[in-house]
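Trainee: no sequence on this one, just coordinates:
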Ligand code: SAH
């Protein structure tokens with residue numbers, strides 16, 4: 001109960017509450033639990049801008065709602081469009097900036113959202129990591145990235161990937177609430193199989209996530225096939241080395257039976273050699289997974305170069321020949337700085 005009271009005090013924004021928390025809220029004010037479902041329908045289905053628009057809940061309760069919660073949106077600073085990609089820069093209430101990217105695929109609209117302001121993982125190739133974590137995003141700040149893009153579209157958001165700025169498993173509790181809200185049929189109703197969370201490999205949270213009841217996809221940023229190289233480009237590997245990571249993922253698979261995606265950025269002359277491809281094939285050969293090869297999005301502040309298309313195909317062929325499921329990520333948004341953290345960097349010049 002105390003935790004719940006604290007949550008309400010901290011999470012004043014209505015978009016940060018799960019249906020269950022709202023039910024507890026209505027009970028705590030001596031009202032009826034079923035108002036939570038009505039309220040969810042008003043905010044997520046009818047998309048009201050003010051609690052005054054609610055017609056099926058008594059006025060005294062609405063007045064109480066207005067005291068206890070706000071339904072503020074995020075501020076949109078800019079929207080950059082490039083063919084099938086749009087990038088949104090949002091300002092938060094404390095003046096911080098985060099970004100989300102919309103990609104229009106043939107199979108629907110995907111939105112990539114941020115989970116933190118800054119990031120502490122320090123991956124050497126990543127723009128987001130150049131700025132240490134300032135704070136975690138609140139649940140409502142994650143929900144609103146999707147809700148607002150959904151509203152701006154004349155269409156709906158079909159897929160969500162948590163692959164923007166931040167390490168989602170470093171903001172685990174808010175992430176779980178966010179996933180619960182966007183998946184709920186009365187919330188944004190985005191199917192669990194249409195949601196992907198990407199982590200750099202925080203083992204304890206991977207194991208915890210295995211028990212989360214929703215069938216959400218897990219992606220793991222691998223980027224190197226051995227500890228020596230991985231520790232050089234991803235400092236988190238010193239804390240959670242590859243052997244332990246692979247063991248944890250096997251455990252995850254045994255619990256969930258859901259295929260894992262490995263992300264592998266190809267960095268010229270760093271992790272794109274024939275030896276790396278063979279070593280990678282060997283590393284994942286007994287895991288139910290597929291590898292997503294990602295052409296690196298070069299950024300002016302970081303020295304890494306992208307592997308050329310021929311070399312990418314060679315890398316791909318080696319994996320294929322070794323019976324690994326592999327795809328090459330279609331490129332999106334290079335012209336509008338759509339790689340993780342690039343737009344915020346431009347805006348803030350850090
Ligand atoms: N922290 C999480 C999610 C955010 S990063 C994670 O590590 O998975 C999302 C993905 O974008 C990661 O695979 C990351 O390595 C990749 N990425 C970062 N910078 C990139 C760039 N410049 N070009 C292509 N992919 C990049």
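Mentor: It's in. Keep in mind it's a predicted model, so treat the numbers as computed, not measured.
Trainee: make it CA atoms for all contacts and neighbour counts henceforth
Mentor: Fine.
Trainee: can you list the weak-confidence ranges in this structure?
Mentor: 1-11, 129, 331-350 (pLDDT under 70).
Trainee: What segments of it are strands?
Mentor: With DSSP state E, the ranges of strands along the chain come out as 75-82, 85-91, 97-105, 108-112, 116-117, 135-136, 159-162, 195-199, 217-221, 260-266, 289-295, 326-328.
Trainee: In a markdown table: these, plus mean neighbour count and distance to residue 236.
Mentor: Formatted as a markdown table, the strands of the chain follow (neighbours: other CA atoms under 10 Å; distance: least, CA to CA, whole Å):
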| stretch | mean neighbour count | distance to residue 236 |
| --- | --- | --- |
| strand 75-82 | 15 | 32 |
| strand 85-91 | 21 | 28 |
| strand 97-105 | 23 | 23 |
| strand 108-112 | 21 | 22 |
| strand 116-117 | 24 | 17 |
| strand 135-136 | 18 | 18 |
| strand 159-162 | 22 | 18 |
| strand 195-199 | 21 | 11 |
| strand 217-221 | 20 | 11 |
| strand 260-266 | 22 | 15 |
| strand 289-295 | 21 | 20 |
| strand 326-328 | 16 | 24 |
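Trainee: Distance to residue 315 added to those, as a markdown table?
Mentor: Shown next, in a markdown table, are these (distance: least, CA to CA, whole Å):
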| stretch | distance to residue 315 |
| --- | --- |
| strand 75-82 | 29 |
| strand 85-91 | 27 |
| strand 97-105 | 25 |
| strand 108-112 | 26 |
| strand 116-117 | 33 |
| strand 135-136 | 36 |
| strand 159-162 | 25 |
| strand 195-199 | 22 |
| strand 217-221 | 17 |
| strand 260-266 | 9 |
| strand 289-295 | 9 |
| strand 326-328 | 10 |
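Trainee: right, and those strands - which one's nearest residue 52?
Mentor: Taking CA to CA, strand 75-82 is the member of these nearest to residue 52, at 21.7 Å.
Trainee: Starting from that closest one, tell me which strands it pairs with and how they run.
Mentor: strand 85-91 (antiparallel) (DSSP bridges).
Trainee: Skip the chain neighbours and tell me the closest residue to residue 101.
Mentor: residue 87 (4.5 Å; CA to CA, 6 or more residues apart in numbering).
Trainee: Kindly state the beta-bridge partners for that neighbour.
Mentor: If you apply DSSP bridges, the partners that residue 87 bridges to are residue 80, residue 101.
Trainee: Is it in contact with residue 77, as I believe?
Mentor: No: using CA atoms under 8 Å, residue 87 makes no contact with residue 77, being 10.7 Å away.
Trainee: Spell out which parts of this protein neighbour the ligand.
Mentor: Proximity of the chain to the ligand, by CA under 6 Å from any ligand atom, involves residues 125-127, 163-167, 198-200, 220-221, 263, 265, 296-298, 339-340.
Trainee: how is this structure carved up into domains?
Mentor: Domain segmentation of the chain under automatic domain parsing yields 18-68, 75-349.
Trainee: and the first one, how far from the chain's centre?
Mentor: Between the mean C-alpha point of domain 18-68 and the mean C-alpha point of its chain there is a distance of 28 Å (CA atoms, centre = their mean, to the nearest Å).
Trainee: right, so the domains of the chain: which one is the most enclosed?
Mentor: domain 75-349 (a mean of 18; mean count of other CA atoms under 10 Å).
Trainee: thought residue 233 was touching residue 125?
Mentor: Yes: the criterion here is CA under 8 Å, and residue 233 meets it with residue 125 at 7.0 Å.
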